[in-house]
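Asks: Here is my input, please return the structure:
(one chain, ligands or ions: 1)
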Amino acid sequence: MTLVIGLDFGGTKLAAGLVDLARGTVLARRVTPTPVARGAAASLDAMLTMARELIDGAPAPVHGVGVSFGGPVAADGRTVRLSMHVAGWENFPLADRLSNALGLPTTVANDGDAAALAEFHFGAGRGVQHLLYLTVSTGIGGGIIIGGRLYRGERAWAGEAGHQVLKPDGPPCPCGRNGCLEALASGLSIAREARLRLRRPEGVSSMLAAIPPDALTAQHVAEAAAAGDALARAVWNEAMGWLGIGIASAANLLNPGRVVLGGGLTRAGALLFDPVRHVVARRAIDPDLTVVPAALGDDVGILGGAALLRES
Ligand SMILES: [Zn+2]
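Replies: Residues are numbered from 1 along each chain as shown. Modelled structure (predicted):
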């Protein structure tokens, strides 16, 4: 049994797991809210405490540490470039700090790359050679597996599926540009578009008008769309159309064996997958391309970190 530690540095939670690397099973886990206001050092301290508990309680020696980080990571797989959520991560030598503190070899990837690798080895991506993974959540991220290995790109910016430019004069994206897929189909974008339309005359008859604008989320839009609300359906289906176009465009470039979609918005189930598959079927060149839900749920970050240790 090869035991490793998988660490998941997210914007809302920190998770650590003891993983059986051959089976891809999490044998024990620790989770705590990300201490966002206290910066990078507090997150690192909290994570080290959880990792030490897992290592001390492990039934056999632990061989390494793999990290899924919620932000861009340098091409060396060791240094964090920055976090959009937590201050203090700029050019942070995360792999070296963890390796020195825990005495184990450590490697780091961004969360989209790590999730792609986890689904490829342990989840909905098993059985293909080439995989495209997208996470559709507050933002949109992704990862690419080519020939069974994670493809990071020359400077580790590959897999940024959310920043495919689909509508150059479109709404602003958190990346500072306009009209990226993320600006058209992420959870934040769906909520923003619904708020905009609720201010127009047609908004008064929508069931979403009862929700305070600041509290309105993509989940509200999904629920109202499922209930037949016209405004919510229009916003939701437009976003799903863009998501389908983004997936088809990326797939036409890569010809993956399968596309796996994870992230909070995929909990909408058929409401998301039906329109996305419809658009992908029309736009993708490969008639056999399939789009399937991710399989690993909340453990995807832990398993993605761990899966990095199968790459070396
Ligand atoms: Zn962007």
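Asks: mind checking how far Ala251 is from Leu216?
Replies: 32 Å (C-beta to C-beta, to the nearest Å). Yep, even glycine has a C-beta here, placed from its N, CA and C like the rest.
Asks: no, scratch that, I was asking about Leu308
Replies: Using C-beta to C-beta, one obtains 37 Å as the distance from Leu308 to Leu216.
Asks: Dead centre of the protein: give me the residue that sits there.
Replies: With distances taken as C-alpha atoms, centre = their mean, the residue of the chain nearest its centroid is Thr135 (3.9 Å).
Asks: how deep is the closest residue to it other than its chain neighbours tucked in, by neighbour count?
Replies: Nearest-residue entry for Thr135: Gly263, 3.8 Å, with adjacent residues in sequence omitted and distances by C-beta to C-beta, 6 or more residues apart in numbering. Other residues within reach of Gly263, judged by other C-beta atoms under 10 Å, total 23.
Asks: I'd say Ile245 and Lys167 touch.
Replies: No - look at Ile245 against Lys167 with C-beta atoms under 8 Å: they stay out of range, at 9.6 Å.
Asks: Which residues of the protein lie near the ion?
Replies: 163, 173, 175, 177, 180 (C-beta under 5 Å from the ion).
Asks: Would you list the phi and psi of the last one?
Replies: Dihedral angles phi and psi of Cys180 (degrees, to the nearest 10) take the values phi -70, psi 160.
Asks: pretty sure it is touching Gly162, no?
Replies: Yes - between Cys180 and Gly162 a contact is recorded at 6.2 Å, counting by C-beta under 8 Å.
Asks: mind checking how far Ile140 is from Asp229?
Replies: Remark: distance between Ile140 and Asp229 (C-beta to C-beta) = 24 Å.
Asks: could you pull out the helices for the stretch 101-250 of the chain?
Replies: 111-122, 181-185, 187-198, 218-226, 230-254 (DSSP state H, counting those that start in this stretch).
Asks: Any chance of JSON lines for these, columns mean pLDDT, mean neighbour count and distance to Ser99?
Replies: Formatted as JSON lines, the helices of the stretch 101-250 of the chain follow (pLDDT from 0 to 100; neighbours: other C-beta atoms under 10 Å; distance: least, C-beta to C-beta, whole Å):
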{"stretch": "helix 111-122", "mean pLDDT": "98", "mean neighbour count": "29", "distance to Ser99": "17"}
{"stretch": "helix 181-185", "mean pLDDT": "98", "mean neighbour count": "28", "distance to Ser99": "33"}
{"stretch": "helix 187-198", "mean pLDDT": "97", "mean neighbour count": "20", "distance to Ser99": "35"}
{"stretch": "helix 218-226", "mean pLDDT": "98", "mean neighbour count": "21", "distance to Ser99": "38"}
{"stretch": "helix 230-254", "mean pLDDT": "98", "mean neighbour count": "21", "distance to Ser99": "33"}
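Asks: Out of the ones you listed, which is closest to Lys13?
Replies: Taking C-beta to C-beta, helix 111-122 is the member of these nearest to Lys13, at 11.9 Å.
Asks: Let me see the contact set for the closest residue to Gly170 other than its chain neighbours.
Replies: In space, and not counting its chain neighbours, Gly170 is closest to Gly179: 2.9 Å by C-beta to C-beta, 6+ apart. Taking C-beta atoms under 8 Å, 6 or more residues apart in numbering, we find Gly179 in contact with 165-171, 173.
Asks: repeat for Ala109
Replies: If you count contacts by C-beta under 8 Å, 6+ apart, Ala109 has them with 66-69, 73, 77, 117, 150, 152, 304-305, 308.
Asks: and what of Ile140?
Replies: Applying C-beta under 8 Å, 6+ apart, we find Ile140 in contact with 134, 161-162, 181-182, 185-186, 246, 263.
Asks: Can you tell me which of these comes closest to the ion?
Replies: Distance ranking of those against the ion, using C-beta to the ion, places Glu182 first at 5.2 Å.
Asks: I figured that closest one hits Gly162, correct?
Replies: Yes - the pair Glu182 / Gly162 is scored as a contact, 3.6 Å apart, by C-beta under 8 Å.
Asks: any shared contact partners between these two?
Replies: Joint contacts of Glu182 and Gly162 (C-beta under 8 Å, 6+ apart) are 139-140, 173.
Asks: okay, these in a markdown table with pLDDT next?
Replies: Supplementary listing: these in a markdown table, determined by pLDDT from 0 to 100:
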| residue | pLDDT |
| --- | --- |
| Gly139 | 94 |
| Ile140 | 96 |
| Cys173 | 95 |
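Asks: So which of these belong to strands?
Replies: Using DSSP state E, Ile140 are the members of these that sit in strands.
Asks: Is it possible to get a markdown table of the shared contacts of Glu182 and Gly162 that adds distance to Leu3?
Replies: Formatted as a markdown table, the shared contacts of Glu182 and Gly162 follow (distance: C-beta to C-beta, whole Å):
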| residue | distance to Leu3 |
| --- | --- |
| Gly139 | 32 |
| Ile140 | 33 |
| Cys173 | 40 |
